[in-house]
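>>> Next comes the sequence, and after it the predicted model I'd like to discuss.
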Amino acid sequence: MSASEMYWGHVVSVVVAFLMLGVALRWRTGGRMAYAALFLWASQVNLRIALFRPGEYQGFADLAWSQWYRGFITGFFAEHATSIIALIATGQLLIAVLITSRGLAVRAGLAGAVLFLLAIVPLGVGSAFPATLVMAVGAAWLMRGRFGESLWRETGRRVPARALLACGIASSLVYVGNDMLNAAAYPGYRMLDQAISELSATGAPTKARWETMGLLYSALVFAFSLGVLRVARGNRMLRTTGWLLLAFALSGPVWALVPMHQRGTPANWQDVGHIVLSVASVLLIALFMGAGAFTRGTRFRIFSLAALAPMLAFGIATFSYADRIATGEPTRWMGLLERASLYLYLLWIAVLGALLLRRGVVAHEPLVTSLNGGRQAQSLFTLHGRRIV
């Protein structure tokens, strides 16, 4: 990491820390969300470091204030780096899960957060001090609250459905912005001819920035899926769409574990995993677009199917270039085909979000009730007064 990257990383960390403290002081639910997201992000970062770059933390020894810390990092830690970092990642994941639960489990998770943040304070600039100390104060403040509900239930009750649905539109904008900005920042990168995954490939100069923005994208899709599930209620196809979107969002952080290698590099298990995850993602996209096509009427169904067919066609065409990337051969128009495929599903998500925001699915009392063979059949949902289920 260069001195400039260290400096700006430190500045951003301090700003984020004070923002998290402010949220924790004024909005308990938002504070829990922020700390759960922080430790979930830290967990996947450390898991990747444990698997691929276990020696990365050795440089932090020179930044530590304590002689004991310096000796630990260059001694026992260096000898067992992979195991220790993986254990830290597991602990951070456990903290995130506990913070999202309820009752004493939340306080236990927050206590773990405070202890971890204080434990790395002696790393000084290596821990972005004073960011860690400020974050510890925020987590300690949150421990004063009562947590009768899980974070998911509390969020579902307090966060307006419209805010969650708006995340669908925001997610598409974030992805396109991430693509454009990183493509521009990558010297020699050609959007028309190169894969999007090359922006996050091992050794790519834009890898860290892409993965950070990618986590934001996954978080927005996750929030959108919760919004879809919230308004779906008795609409079976919309509920199915919501669950498929949720699965798609949860698969997002896995990409960081299987990055592709830069073109011309022999493929290994990470490249194979990357291809498998790509296929699984395309299948999930096809499923939620297919299910969602039957949720908003005839015109949206036509639009969905018209977008789904070329999305799959362009996606299949993109996969045909895989061997050329491994051998370093030119991949003319590959970037255009892949972006045409992905931008179609991004457009679809934005349109679905806009439609749900504009029209919504409103629950009413049963409009039609009849007895048929001893079973009650009823229509529970209407759209602006018209029965839709």
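Happy to help now that I have it.
>>> Now stretch 214-232: average pLDDT?
Per-residue pLDDT values over stretch 214-232 give a mean of 90.
>>> where do the helices sit along the stretch 101-250 of the chain?
104-119, 131-142, 151-158, 161-185, 207-232, 236-250 (DSSP state H, counting those that start in this stretch).
>>> hey, least reliable of those helices by pLDDT?
When I compare these, helix 151-158 is least confident, with a mean of 76.
>>> So what touches it?
Residues from elsewhere that reach helix 151-158 (Cβ atoms under 8 Å, 6 or more residues apart in numbering): Thr29, Arg32, Met33, Ala36, Ile99, Thr100, Ser101, Glu149, Leu226, Arg230. Any C-beta I mention is one placed from the backbone N, CA and C, and that applies to glycine too.
>>> Dump the helices of the stretch 101-250 of the chain into JSON lines; add mean neighbour count and distance to Ala286 as well.
JSON lines is the format used below for those (neighbours: other Cβ atoms under 10 Å; distance: least, Cβ to Cβ, whole Å):
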{"stretch": "helix 104-119", "mean neighbour count": "19", "distance to Ala286": "37"}
{"stretch": "helix 131-142", "mean neighbour count": "21", "distance to Ala286": "41"}
{"stretch": "helix 151-158", "mean neighbour count": "14", "distance to Ala286": "27"}
{"stretch": "helix 161-185", "mean neighbour count": "18", "distance to Ala286": "17"}
{"stretch": "helix 207-232", "mean neighbour count": "21", "distance to Ala286": "16"}
{"stretch": "helix 236-250", "mean neighbour count": "20", "distance to Ala286": "10"}
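>>> any chance of these in a markdown table, with distance to Val12 too?
Listed next are those as a markdown table, based on distance: least, Cβ to Cβ, whole Å:
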| stretch | distance to Val12 |
| --- | --- |
| helix 104-119 | 17 |
| helix 131-142 | 9 |
| helix 151-158 | 25 |
| helix 161-185 | 16 |
| helix 207-232 | 10 |
| helix 236-250 | 24 |
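>>> Which of those sits closest to Tyr57?
helix 104-119 (14.0 Å; Cβ to Cβ).
>>> from the middle of its chain, how far away would the closest one be?
23 Å (Cα atoms, centre = their mean, to the nearest Å).
>>> and if you look at stretch 143-151?
That offset, for stretch 143-151, works out to 24 Å (Cα atoms, centre = their mean).
>>> Buried residues, it. List them.
Buried residues in stretch 143-151, counted by 16 or more other Cβ atoms under 10 Å: Phe147, Glu149, Ser150, Leu151.
>>> Which residue is the nearest non-sequential neighbour of the most centrally placed residue in the chain?
Residue closest to the average C-alpha location in the chain (Cα atoms, centre = their mean): Ser218, at 2.5 Å. Spatial nearest neighbour of Ser218, chain neighbours left out: Gly252 (2.9 Å); criterion: Cβ to Cβ, 6 or more residues apart in numbering.
>>> Just to check, Ala61 is in contact with Ile73?
Yes. Contact criterion Cβ atoms under 8 Å: Ala61 and Ile73 qualify, at 4.0 Å.
>>> Have a look at the two and say which one is more surrounded.
Ile73 (21 against 18; other Cβ atoms under 10 Å).
>>> From the rest of the structure, what touches stretch 349-362?
Counting by Cβ under 8 Å, 6+ apart, residues outside stretch 349-362 touching it are 162, 165-169, 171-173, 221, 224, 227-228, 231-233, 235, 238, 241, 245, 292, 295-296, 300, 303, 381-384, 388.
>>> again, only using 7 Å
With contacts defined as Cβ atoms under 7 Å, 6 or more residues apart in numbering, stretch 349-362 is touched by 162, 165-166, 168-169, 171-172, 224, 231-233, 235, 238, 292, 296, 300, 303, 381-384.
>>> Quick check: buried residues in that stretch?
Here stretch 349-362 shows Ile349, Ala350, Val351, Leu352, Gly353, Leu355, Leu356, Leu357, Val361 as buried, counting by 16+ other Cβ under 10 Å.
>>> Tell me which of those residues fall in helices.
Ile349, Ala350, Val351, Leu352, Gly353, Leu355, Leu356, Leu357 (DSSP state H).
>>> Tell me how far the fourth one lies from Leu245.
This points to Leu352. When Cβ to Cβ, to the nearest Å is the yardstick, Leu352 and Leu245 sit 9 Å from each other.
>>> do the same with the third one
Counting by Cβ to Cβ, the gap between Val351 and Leu245 amounts to 14 Å.
>>> swap in the first one?
Distance of Ile349 to Leu245, given as Cβ to Cβ: 8 Å.
>>> before we move on, what about Ala139?
Relative to Leu245, and taking Cβ to Cβ, Ala139 is found at 30 Å.
>>> Could you break the chain into its assigned domains?
3-154, 159-351, 359-389 (automatic domain parsing).
>>> average pLDDT for the last one?
Confidence for domain 359-389, expressed as mean pLDDT, is 36.
>>> Could you report the pLDDT at the closest residue in space to Phe303 that isn't next to it in sequence?
Leaving out its chain neighbours, the residue that sits closest to Phe303 by Cβ to Cβ, 6+ apart is Val351, at 6.9 Å. The model reports Val351 with a pLDDT of 96.
>>> Glu338 too?
93.
>>> do the one 4 residues further on as well
Note for Leu342: predicted pLDDT of 94.
>>> got the contact list for the nearest residue to it once chain neighbours are set aside?
Distances taken as Cβ to Cβ, 6+ apart put Ile196 closest to Leu342, at 6.9 Å, once the chain neighbours are dropped. Listed by Cβ under 7 Å, 6+ apart, the contact partners of Ile196 are Asp179, Glu338, Arg339, Leu342.
>>> now the strands for the stretch 251-389 of the chain?
362-372, 375-383, 386-387 (DSSP state E, counting those that start in this stretch).
>>> sorry, back to before: if I look at the residue nearest to Ser218, how far off is Leu164?
Gly252 is 17 Å from Leu164, by Cβ to Cβ.
>>> Over to Arg263?
39 Å.
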